[in-house]
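Enquirer: turn this into a structure:
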Amino acid sequence: MRPRFTLSCCVLLAALSPRLGHTSSLSSDANAPDIMRKAIQAATCAEAAPGALSDELKGILSGDAVTGTAAGRTIFYVSPAGKDTWSGRHPEPNATDGPFASIERARDAAREAGGQRMIAMEGGDYYLARPVVFDARDKGLVITARCNQTPVLHGGPLVNNWVSQTAGRWTAPLHLPTDEAVGDLFVNGVRQTLARFPNAPSDGDPRKGWLFAAKCNPAIDQWEGNTRFCYYAGDVPVLEGASGLVVNIVGGFKPGSQWGSDTLPVVSIDAATRTVQTKGTSYFFTAEGSRYFLTGAAFLDAPGEWRYNVAAGQLDYIPAEGLSPHSTVVAGVLPTFFRLESADEMVVSGLQFRDGAPQGSGKFYTDTRGFGAIRLEHANGVRLLGNLVENVGVGIHVTESSDVLIAANVIGDIAGNSIYVGTTYGSFGKSNGVRILSNHIHDIGKVYFETAGIWFQAGDGIRIANNLIENTAQFGIAGGSLWGAQDAVHDAIIEHNVVRNANQQTADGGAIKMMGEQADLLNSTIRYNLVTGTGHLMNRADGTFWPAGYENINEWPSPISWAIYTDGKASGVRIEGNTLSGNVCAIGINGGWNNLVTGNTISNGSGAAFRVDDGTGWGWHPPWAVPNRIEDNIVSIDNSNGVAAFVYAPDHGTGSVQFARNRYSGNLNNKSFRIAPAIMRWGAFGSLADLQRAGADTDSVFTRAND
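Expert: All right, here's what the predicted structure looks like:
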């Protein structure tokens with residue numbers, strides 16, 4: 001019998017020393033990552049006592065830099081009350097000496113000192129004017145909070161000198177370098193709304209606040225949807241020009257799909273043909289029904305909205321009710337706070353990174369390989385422990401860096417990806433042996449929908465375990481190759497994670513996905529995860545939305561949602577012992593071979609428990625291929641459709657999948673199994689008995705409620 005999820009999720013806690021308290025008081029899986037974060041912060045802060053890390057936790061956090069003590073290190077202190085003309089060797093200021101004021105000055109002093117070095121951060125607010133860059137000279141450097149202190153790094157300036165104007169507006173001076181702009185505005189730590197049309201819905205309903213693209217007349221080629229779309233009469237206000245306008249629009253790789261979103265600069269608006277021309281991306285397409293809204297200075301008219309007047313060097317803002325000009329306002333300018341370039345074995349622990357620019361996950365100019373509040377490039381053996389990252393574009397970005405540990409961080413309210421691990425397109429270096437453990441990740445994809453709580457590619461031996469991931473626009477965890485062998489993933493383990501409410505903003509996504517465009521055996525495992533509440537959001541061409549949880553396998557276009565699935569010829573994946581409840585489709589296999597789905601518990605789904613679809617394989621049948629196997633699972637069919645399994649494999653038929661020893665209960669009927677091409681007496685539809693007569697199932701049983 002597999003272990004209970006609570007115990008497996010909290011296995012790291014058991015390794016902590018007695019000073020951290022007993023784990024018996026742990027009330028749920030949900031708070032385990034937050035307890036871990038506090039434990040690691042207490043054990044890795046600047047003044048932590050020797051031995052604060054247990055031997056077991058030292059093994060998990062391996063590396064000489066993580067010792068739980070400052071003994072033997074040269075320490076440089078940084079404080080908001082410090083001065084860069086001081087020595088930085090004293091934690092508290094006195095009449096003639098004290099801590100440094102900036103991280104850059106402490107970094108430079110540490111380089112001069114050599115040996116084992118630490119930068120100890122005093123609590124308080126640090127407003128960064130530029131990214132702090134570390135390189136090979138900083139190998140082994142530890143940057144950590146002083147014990148019981150909370151250093152907060154902001155990605156831009158504090159905005160003061162607000163003046164109340166007419167019509168309830170505030171203005172404040174803000175002069176930035178010509179190559180910088182305000183990406184987001186934060187008031188008392190809350191992201192505000194860039195002036196937009198239509199206004200954002202006050203209740204936050206994701207189905208509200210959109211316009212919907214019209215069919216162009218005369219018609220355009222569907223691939224022209226890369227650079228333009230048409231609108232209905234009266235939808236777009238009459239404007240003097242398109243300068244500064246940006247369209248936030250939902251689209252995807254295929255015209256009319258709703259797999260992601262982007263922010264596209266507007267080139268022109270033709271009122272006669274009701275056409276909006278954008279700069280496009282060459283691989284992001286829109287069509288009739290694509291939902292969108294516009295942002296631009298002309299639309300400033302609602303509480304919580306802001307705009308930046310570059311020419312005047314001024315911010316304009318309409319405050320939300322209850323705020324005063326004395327509120328703390330930060331202009332988010334920097335998409336990157338810390339940049340580690342070949343800075344091997346650095347440790348960053350116990351810091352907060354807040355209020356940055358949202359760039360990093362869009363397809364225009366930037367993509368999933370861009371920016372990152374903490375960005376690693378060719379930086380091996382780095383440890384990111386117990387930090388908080390909030391209100392930024394991408395939380396943590398790792399490219400071509402091996403043996404990286406990302407543990408016990410809280411990452412939330414992110415515009416794009418929370419954690420990205422991968423490569424640089426063109427060089428395709430690997431990020432091998434990365435471990436992502438016990439992080440709390442929440443509210444991901446606030447601007448760019450085609451994103452994930454954890455996105456990984458181009459790395460072997462990656463382990464993702466014991467994370468809590470909640471409320472993501474598309475994926476909770478997504479990994480594997482998008483291009484082929486260049487960014488392939490092998491030997492990945494995804495285990496003991498809790499993923500709640502994934503795929504809340506797109507028409508095709510899910511909680512956990514593995515890709516395999518390289519078309520070989522991944523030898524990867526997805527096991528003992530808990531997945532609940534995976535949904536979808538898709539509108540029809542007329543602007544109405546499909547109901548929540550809707551699934552109709554005979555309809556296209558139609559929303560698609562999976563709790564766990566393989567995609568793009570992903571083969572050789574073991575999906576084992578997961579608990580999946582309250583999702584749409586539970587487990588899917590798209591285009592691959594040699595996958596094993598076993599020992600999973602499935603209940604309360606609104607769609608099929610299992611879906612096998614050769615749509616991404618296009619008849620692909622390598623010489624090593626053996627059928628996918630779905631066996632020894634426990635399945636409760638609770639929806640009115642009663643669909644247990646749907647197989648669409650016109651090129652392979654039953655040769656693509658075999659069912660065995662599954663236990664079904666609930667609403668099974670004579671149409672619960674749907675196989676194309678038809679193999680059963682009812683054609684494509686049949687009962688469990690029909691499936692067995694056709695030779696596609698062995699020894700599975702249906703148990704009624706009173707049996």
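Enquirer: okay, helices next: where are they in the stretch 401-550 of the chain?
Expert: Counting by DSSP state H, counting those that start in this stretch, the stretch 401-550 of the chain has no helices to list.
Enquirer: same question, the chain
Expert: 5-9, 32-44, 55-60, 103-113, 688-693 (DSSP state H).
Enquirer: highest mean neighbour count out of those?
Expert: helix 32-44 (a mean of 24; mean count of other Cβ atoms under 10 Å). In this view, the C-beta of every residue, glycine as well, is placed from N, C-alpha and C.
Enquirer: re the thing from before, relative to Ser290, which of the helices of the chain is closest?
Expert: With Cβ to Cβ, the closest approach to Ser290 among those belongs to helix 32-44: 36.6 Å.
Enquirer: list of residues touching the longest strand along the chain?
Expert: Secondary structure of the chain per DSSP state E: the longest strand is strand 260-270. Residues outside strand 260-270 that contact it (Cβ atoms under 8 Å, 6 or more residues apart in numbering): 236, 239, 242, 245-252, 275-281, 284, 294-295, 362-364, 447-450, 474, 505-506.
Enquirer: mind listing what's buried along it?
Expert: Gly260, Ser261, Asp262, Thr263, Leu264, Val266, Ile269 (16 or more other Cβ atoms under 10 Å).
Enquirer: who does the fifth one bridge with?
Expert: If I follow you right, that is Leu264. Beta-bridge partners recorded for Leu264 (DSSP bridges): Val247.
Enquirer: separation between it and Val276?
Expert: Distance from Leu264 to Val276, counting by Cβ to Cβ, to the nearest Å: 9 Å.
Enquirer: the third one too?
Expert: Distance, Asp262 to Val276, by Cβ to Cβ: 14 Å.
Enquirer: please apply the same query to Ser401.
Expert: 40 Å.
Enquirer: neighbour count winner among the two?
Expert: More crowded of Ser401 and Val276, by other Cβ atoms under 10 Å: Ser401, with 29 against 25.
Enquirer: hmm, Ile374 and that one touching each other?
Expert: No: Ser401 sits out of contact with Ile374 when judged by Cβ atoms under 8 Å, with a separation of 11.5 Å.
Enquirer: burial of Tyr127, as a residue count?
Expert: 16.
Enquirer: kindly apply the preceding question to Ala48 instead.
Expert: Count around Ala48 with other Cβ under 10 Å applied: 20.
Enquirer: now do it against Phe353, distance only.
Expert: Taken as Cβ to Cβ, the span from Ala48 to Phe353 is 21 Å.
Enquirer: now Val187
Expert: 18 Å.
Enquirer: more neighbours, these two?
Expert: Phe353 (28 against 18).
Enquirer: next up, the contacts around that one.
Expert: Leu153, Gly155, Phe337, Phe338, Ala373, Ile374, Asn387, Leu388, Val389, Glu390, Val392.
Enquirer: mind putting those in JSON lines, distance to Pro559 and neighbour count included?
Expert: Below are the contacts of Phe353 laid out as JSON lines (distance: Cβ to Cβ, whole Å; neighbours: other Cβ atoms under 10 Å):
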{"residue": "Leu153", "distance to Pro559": "39", "neighbour count": "23"}
{"residue": "Gly155", "distance to Pro559": "35", "neighbour count": "28"}
{"residue": "Phe337", "distance to Pro559": "37", "neighbour count": "25"}
{"residue": "Phe338", "distance to Pro559": "39", "neighbour count": "25"}
{"residue": "Ala373", "distance to Pro559": "32", "neighbour count": "31"}
{"residue": "Ile374", "distance to Pro559": "34", "neighbour count": "26"}
{"residue": "Asn387", "distance to Pro559": "36", "neighbour count": "31"}
{"residue": "Leu388", "distance to Pro559": "34", "neighbour count": "19"}
{"residue": "Val389", "distance to Pro559": "31", "neighbour count": "29"}
{"residue": "Glu390", "distance to Pro559": "30", "neighbour count": "22"}
{"residue": "Val392", "distance to Pro559": "29", "neighbour count": "34"}
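Enquirer: between those residues, which is nearest Glu104?
Expert: Phe338 (11.2 Å).
Enquirer: please name the bridge partners of that closest one.
Expert: Val132, Ile374.
Enquirer: correct me, but it touches Ala373?
Expert: Yes: between Phe338 and Ala373 there is a contact under Cβ under 8 Å: 7.4 Å.
Enquirer: burial count for Phe610?
Expert: 25.
Enquirer: distance of it from Asn226?
Expert: From Phe610 to Asn226 the distance is 36 Å (Cβ to Cβ).
Enquirer: Ser481 now?
Expert: 24 Å.
Enquirer: of these two, who's got more company?
Expert: For the pair Ser481 and Asn226, the greater number of neighbours falls to Ser481 (24 against 20), based on other Cβ under 10 Å.
Enquirer: bridge partners for the more buried one, pull those for me.
Expert: With DSSP bridges as the rule, Ser481 is bridged to Gly516.
Enquirer: how near is the residue lying closest to Pro201 once chain neighbours are set aside to Arg291?
Expert: Nearest non-adjacent residue to Pro201, counting by Cβ to Cβ, 6 or more residues apart in numbering: Lys208, 3.7 Å away. Separation of Lys208 from Arg291 (Cβ to Cβ) stands at 10 Å.
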